[in-house]
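Peer 1: let's see this in three dimensions:
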Amino acid sequence: MSDDSPVDLSRRRFLTAAPVAAAAAGLAACAAGSGPDASSTPSAPAHAAPAAGTPAASPPRGAVAASLAPDGPQLLPGGPATAVAHGPRDRARVALTFHLGPHEAGQDLDLARQLLGDAARLAAPITVFAVGQWLDEYRDLVPTILAPGNELANHTYTHPTLTALPAPAVATEITACRDVLARLAPTQGRYFRPSGTSTATPLILTEAGAAGYRTVVDFDVDPLDYTSPGADAVVARVRAGVQPGSIVSMHFGYPGTVSAFPRIVANLRTAGLTPVSLHTLLT
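Peer 2: Residues are numbered from 1 along each chain as shown. Below is the predicted model of the structure:
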């Protein structure tokens, strides 16, 4: 995934059969980016923050939006969240997660709708980690995302390199996206995934917990689709790395990923693995 600042790719984990050099780059996809699409960000709507890095005003640290539905995620502020990279290994389930937001320059809504249509047609639920500012601008897409039983989750408000921010700014990035989700999709937003890093630092875990999140979600399979390697490579890398309980990280906005998706689902089922939402995987 593309961002606006470089990141130490050596921290990322890539558990596929890709070359070692690609493996070292793996989980940096959604970290601060050097990908080809890093230069352009959709402008914020009038009701949203005017610029990246300056999220809209949020409730005080630890406060949870009053609009959370009774059947929603029931976020409760508390101690540090727990980081997870995969689900139980003794169940034949896999979660396919996708990142959606302004870090994808020129995000093609037609591609997004195609992927969502394929997920519905194949009865393969996906979990969408959305950037709050982008989702607020393109809120009309929310019913399409959720119609087939998919899941929406928090991927910060503006997609900064979260490890470069002080605690108050980290808190605001988390809570501002949380509150967008509470307003646009009150039953959603159970999980948080940081931007700009593959590893949830103690500070991130603390602020996520204070915002009500009990779980911060990483991933154990990254096909590097943000590098546009082509559909065949995306399919092969997911097949090589996936195992029961895996959480796969992919992206909207890349034609190769969209083309690969039906084959990824078919390969999972051939291997006896069922694609499920993240919540189903982790519970």
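Peer 1: just the helices in the stretch 101-250 of the chain please.
Peer 2: 109-121, 132-137, 142-146, 167-184, 202-210, 231-241 (DSSP state H, counting those that start in this stretch).
Peer 1: Serialize those to JSON lines and add fields for mean pLDDT, mean neighbour count and distance to H251.
Peer 2: Every residue, glycine included, has its C-beta placed from N, CA and C. Formatted as JSON lines, the helices of the stretch 101-250 of the chain follow (pLDDT from 0 to 100; neighbours: other C-beta atoms under 10 Å; distance: least, C-beta to C-beta, whole Å):
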{"stretch": "helix 109-121", "mean pLDDT": "94", "mean neighbour count": "17", "distance to H251": "10"}
{"stretch": "helix 132-137", "mean pLDDT": "94", "mean neighbour count": "26", "distance to H251": "13"}
{"stretch": "helix 142-146", "mean pLDDT": "96", "mean neighbour count": "17", "distance to H251": "15"}
{"stretch": "helix 167-184", "mean pLDDT": "98", "mean neighbour count": "24", "distance to H251": "17"}
{"stretch": "helix 202-210", "mean pLDDT": "98", "mean neighbour count": "21", "distance to H251": "21"}
{"stretch": "helix 231-241", "mean pLDDT": "98", "mean neighbour count": "20", "distance to H251": "10"}
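Peer 1: for the ones you listed, which one sits closest to H279?
Peer 2: Proximity to H279, assessed across the helices of the stretch 101-250 of the chain by C-beta to C-beta, is greatest for helix 142-146 (12.9 Å).
Peer 1: which strands or helices does the closest one pack on?
Peer 2: helix 109-121, strand 151-154 (3 or more C-beta pairs under 8 Å, 6 or more residues apart in numbering; DSSP states H and E).
Peer 1: just how off-centre is it within its chain?
Peer 2: 15 Å (C-alpha atoms, centre = their mean, to the nearest Å).
Peer 1: same question for stretch 151-161.
Peer 2: 7 Å.
Peer 1: quick one, which of the helices and strands packed on helix 142-146 gets closest to D140.
Peer 2: It's helix 109-121; of these, that one is closest to D140 (C-beta to C-beta) at 9.3 Å.
Peer 1: list the helices and strands that closest one packs on?
Peer 2: So helix 109-121, by 3+ C-beta pairs under 8 Å, 6+ apart, packs with helix 142-146, helix 255-270.
Peer 1: what about A81, how many neighbours?
Peer 2: Each residue near A81 was counted by other C-beta atoms under 10 Å, and the total is 24.
Peer 1: in contact with it, which residues are there?
Peer 2: F192, A200, L205, A208, G209, Y213, R214, T215, V216 (C-beta atoms under 8 Å, 6 or more residues apart in numbering).
Peer 1: ramachandran angles for it?
Peer 2: Phi and psi for A81, reported as degrees, to the nearest 10, are phi -70, psi 170.
Peer 1: let's have the contacts of A81 in JSON lines, adding distance to D179.
Peer 2: Listed next are these as JSON lines, based on distance: C-beta to C-beta, whole Å:
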{"residue": "F192", "distance to D179": "13"}
{"residue": "A200", "distance to D179": "20"}
{"residue": "L205", "distance to D179": "20"}
{"residue": "A208", "distance to D179": "14"}
{"residue": "G209", "distance to D179": "17"}
{"residue": "Y213", "distance to D179": "13"}
{"residue": "R214", "distance to D179": "18"}
{"residue": "T215", "distance to D179": "18"}
{"residue": "V216", "distance to D179": "18"}
